[in-house]
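Student: I would like to see how this sequence folds:
(one chain, ligands or ions: 1)
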Amino acid sequence: MNRTGVASVVTSPRFGDDWWRRGVVYQVYPRSFADTDGDGVGDLRGIIDHLDHLGRDGLGIDAIWLSPIYPSPGRDVGYDVSDHRRVDPLFGSEDDFDELVSESHRRGIRVVLDLVMNHTSDRHPWFVASRASRSGPYADWYIWRDPAGFAPDGTPLPPNNWVSWFGGPAWTYESARRQFYHHTFLVEQPELDWRTPGVEAAQFEMVQGWLDRGVDGFRLDTFNVFLKHPEMLANPARRGTSAWTRQVHRFDIDQPDQPALIARFRAIVDRAPGRMSVGEMFVGTTEGAAVLTTDRHLVFDWELMTQPWRAHAFRAAIRRRERAFGPDRWPTIVLSNHDQPRHASRLAASIDASEAERDAIAKAAATIELTSRGTPFLYYGEEIGMGDVRIPLAESVDPPTARVDPEFQWWDRSQSRTPLPWSGGPGAGFTTARPWLRLGDDATTRNVASQRADPDSVLACYRRLLAARCEQRSLQDGTLVLTDAGDPTVLAYRRSGSGGEILVMVAFDRRGAYVRLPAPRRGAGWRPVAGTHPDLPARVESRSPHRLRPFEGLVLVADG
Ligand code: NOJ
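Tutor: Numbering: from 1, shown residues only. As a prediction, the model looks like this:
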């Protein structure tokens, strides 16, 4: 039920309750999507205004995932939440949120919220109360421990050797309690103690509140970190290049009772059909992500996101994912997000590609992203081939960037969080004010409006591939088997499912490649249905040589 007492239900979506595996999710970073109130920061009304870019007559995605929209002091740009139940006025009102849900639903788009349940802001009322005293209702809602001892000068020593992902120790001393609190991230992001029953009950009540407002799913921030070893044992040492990597994180993440906690969470989400969740695997492996994947609960793995633009690297990554997830677990497909370099610039840099080649690679990568096995999660702006923007240190809004510590290397995440250019001209159609983060220098030419008008743009390519994915059931539910196209610089795989057989081929080389297509199980040749280039070959015979153009991706269906 939203605030007007009406539960919003998605109308005529492209897929039913299994949309979470057939459909495509698009990550909106609200600060950088579109600003309507002239403060330089994106807002919920900006998302509402641009839903047609995402809906059926635009890109054609099935759900939006909103990066955190809750009140926050902004130390970790919204991942430090001071009230999980409300909308930050920076982004709009509670009514704006309800309108965003119903307007999305009206266009068949589902809404996924980012839940940050591992930690809160240090300004959250729970923590304010908890840090003030060892008694009171919130005293044990955070991870408090006595000092392990005292240095000769009386300085309290942290309870164990755990370190923060954002650099420095994972413990901060609070003199009011004469105890340390734990934080995997910033000092201003104290870790909740999920072993305290009140914490779980409060979090699940909050989850229910958003479901009642019509939300269709959740992304769970660092979900494999919620539970720590009950005895808070010291992590064993290992070789590494930083304080973090010199520990085996055996006791501060991935505890054995985590799946049971997620099952209790899922029981709430599953009270209505068709709701999904996706867990953000923090620093884990692909195999670890697969193990934590259950029905309707996906888990991000980072295998594809960390590859250079090489066919053998992508082939090995796909092979490893297929092995890890097996036939019964459904993977996600992610090439970019708000924590990592954008793939358009990252992949191009990995082979020293020219500016002209960069878009061709972005299109070829989109072919893989939208046709391999799993649920694709697109990151806003990738549909126009947006790249990272160099941000001077003084303009960075990513706090770990400012840490000066030889033990700590950091990539400034501001670079991949810059505003989406909607059109040329001042403010790029994003804002009438000074944007909260600078726009890319190429915003005047690389923007949604100019690409909409160009049939050979990255945007046009995304639209073609998304349409093909929607039409071809085997791209949604089929198995994936790697195949040999006769040239090692070509990635090729077959998808077989309820819609017949599909072959995908992607040329990684700037010279293109000659391929020899495998024969379809039924039929004599292959009919291209989509690809990186707007002009498709009419039909491709199997076994006869076919030339793929530089960085060309082709999606073909078996043709009898
Ligand atoms: C993962 C989020 O993706 C990242 O942006 C954030 O800094 C950490 N979790 C801490 O919340």
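Student: excluding sequence neighbours, find me the nearest residue to whatever residue of the stretch 251-400 of the chain ends up closest to the ligand.
Tutor: When distances are taken as CB to the nearest ligand atom, the stretch 251-400 of the chain reaches nearest to the ligand at Asp339, 4.8 Å away. In short, each C-beta sits where N, CA and C put it, glycine included. Leaving out its chain neighbours, the residue that sits closest to Asp339 by CB to CB, 6 or more residues apart in numbering is Arg413, at 5.7 Å.
Student: can you check Glu99 too?
Tutor: Ile48 is the one closest to Glu99 (CB to CB, 6+ apart), at 6.2 Å.
Student: helix or strand for that neighbour, which one?
Tutor: Secondary-structure assignment from DSSP states H and E places Ile48 in helix 44-49.
Student: just to revisit the earlier point, and the residue nearest to Glu99, what pLDDT?
Tutor: Here, the pLDDT recorded for Ile48 equals 98.
Student: and what of Glu369?
Tutor: pLDDT, read off for Glu369, is 98.
Student: next: Arg246.
Tutor: Arg246 is assigned 96 on the pLDDT scale.
Student: quick one, what contacts it?
Tutor: Neighbouring residues of Arg246 by CB atoms under 8 Å, 6 or more residues apart in numbering: 237-240.
Student: 6 Å instead?
Tutor: Counting by CB atoms under 6 Å, 6 or more residues apart in numbering, Arg246 touches Gly240.
Student: that one and Ser164, how far apart?
Tutor: Using CB to CB, to the nearest Å, Arg246 is found at 14 Å from Ser164.
Student: and what of Leu480?
Tutor: According to CB to CB, Leu480 and Ser164 sit 38 Å apart.
Student: just Arg413 next, same as before
Tutor: Arg413 sits 16 Å away from Ser164, going by CB to CB.
Student: near the ligand, which residues of this structure?
Tutor: 76, 79, 116, 185, 221-222, 280, 338-339 (CB under 6 Å from any ligand atom).
Student: just the buried residues out of those residues, in PyMOL syntax.
Tutor: To isolate in PyMOL the members of those that are buried, counting by 16 or more other CB atoms under 10 Å, one can use:
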select buried, resi 76+79+116+185+221+222+280+338
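Student: closest one of the residues of the chain next to the ligand to Arg329?
Tutor: The closest of the residues of the chain next to the ligand to Arg329 turns out to be Glu280 (CB to CB; 16.7 Å).
Student: pLDDT score assigned to that closest one?
Tutor: Predicted confidence (pLDDT) for Glu280: 98.
Student: how close does it get to Val199?
Tutor: Taking CB to CB, one finds Glu280 at 19 Å from Val199.
Student: give me the secondary structure label for the spatially most distant residue from the centre of the chain.
Tutor: Most distant residue from the mean C-alpha position of the chain: Pro152, 46.6 Å away (CA atoms, centre = their mean). Following DSSP: H, G, I helix; E, B strand; the rest coil, Pro152 is assigned to coil.
Student: confidence score at it?
Tutor: Model confidence at Pro152, expressed as pLDDT, equals 97.
Student: which residues touch it?
Tutor: Contacts of Pro152 (CB under 6 Å, 6+ apart): none.
Student: all strands for the stretch 451-560 of the chain, in order.
Tutor: Under the criterion DSSP state E, counting those that start in this stretch, strands of the stretch 451-560 of the chain are mapped to 479-483, 490-497, 500-507, 513-516, 525-531, 540-541, 545-548, 553-559.
Student: hmm, I typed the wrong one, I wanted the stretch 301-450 of the chain.
Tutor: Counting by DSSP E, counting those that start in this stretch, the strands of the stretch 301-450 of the chain are 332-334, 375-379.
Student: what mean pLDDT does the longest one get?
Tutor: Model confidence over strand 375-379, given as mean pLDDT, is 98.
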